[in-house]
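Trainee: here you go, sequence then predicted model.
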Amino acid sequence: MIRLSMSDQVAVIRKKYLSLEPIFQELIKRRWLASEAIAIGRGGIEIVHEATGASRTTIRAGINELKTGAIPENHRQRKAGGGRKLLTEHDKTLLSDLDKLLEPETRGDPENPLRWTCKSAEQIKTKLNEMGHQISERTVNRLLHEMGYSLQGNQASRSRPAI
């Protein structure tokens with residue numbers, strides 16, 4: 001068996017990693033990193049870390065998963081609740097400012113839960129950005145939907161001929 005130098009091992013692993021990285025999902029990536037470290041043996045975690053830039057903790061977690069055969073619940077990539085928090089959780093005044101902005105332009109029957117506004121999502125986004133909120137048009141649409149709003153454009157009135 002030919003034993004490669006550490007720099008050669010790093011180069012080989014880096015080449016394999018770069019070819020696979022675009023298709024990796026977190027679970028598969030973690031386990032691939034772990035299998036490479038296990039195959040190397042002593043010093044494998046450090047070599048894989050150097051070749052890929054992956055956290056040593058991630059590589060160790062993958063090794064533990066391989067040894068125990070643990071499969072994440074429901075094959076989730078992340079634990080429940082993982083990922084970025086909603087903008088409204090970070091920006092506490094966003095909803096109240098959005099409501100104040102829409103109130104003068106809100107249409108609809110007060111008894112009916114469906115409300116609408118004639119302002120476009122782009123206009124609303126621009127006004128909120130001017131008020132200091134970092135928000136996208138897509139998020140404006142989502143918030144309006146959650147608040148029970150519908151975007152309605154002005155409908156051209158057509159005159160009917162008198163009979």
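Mentor: Great, that's in hand.

Trainee: Gly81 belongs to a strand, doesn't it?
Mentor: No. Checked against DSSP: H, G, I helix; E, B strand; the rest coil, Gly81 lies outside a strand; its state is coil.

Trainee: quick one: neighbours of it, just the number.
Mentor: 6 (other C-beta atoms under 10 Å). C-beta here means a position set from N, CA and C on the backbone, and glycine is covered the same way.

Trainee: for it, give its distance to Glu36.
Mentor: 30 Å (C-beta to C-beta, to the nearest Å).

Trainee: and if you look at Arg60?
Mentor: Taking C-beta to C-beta, one finds Arg60 at 13 Å from Glu36.

Trainee: more crowded one of those two?
Mentor: Taking neighbours as other C-beta under 10 Å, Arg60 and Glu36 compare with Glu36 leading, 23 against 15.

Trainee: wouldn't that one be in contact with Ile45 here?
Mentor: No. Between Glu36 and Ile45 there is no contact under C-beta atoms under 8 Å: 9.6 Å.

Trainee: spit out the contact partners of Glu137.
Mentor: Ala121, Glu122, Lys125 (C-beta atoms under 8 Å, 6 or more residues apart in numbering).

Trainee: phi and psi next, for it.
Mentor: Torsion angles at Glu137 (phi, psi; degrees, to the nearest 10) stand at phi -60, psi -40.

Trainee: show me the strands in the chain, by range?
Mentor: 106-107, 115-117, 149-151 (DSSP state E).

Trainee: nothing else from me, thank you.
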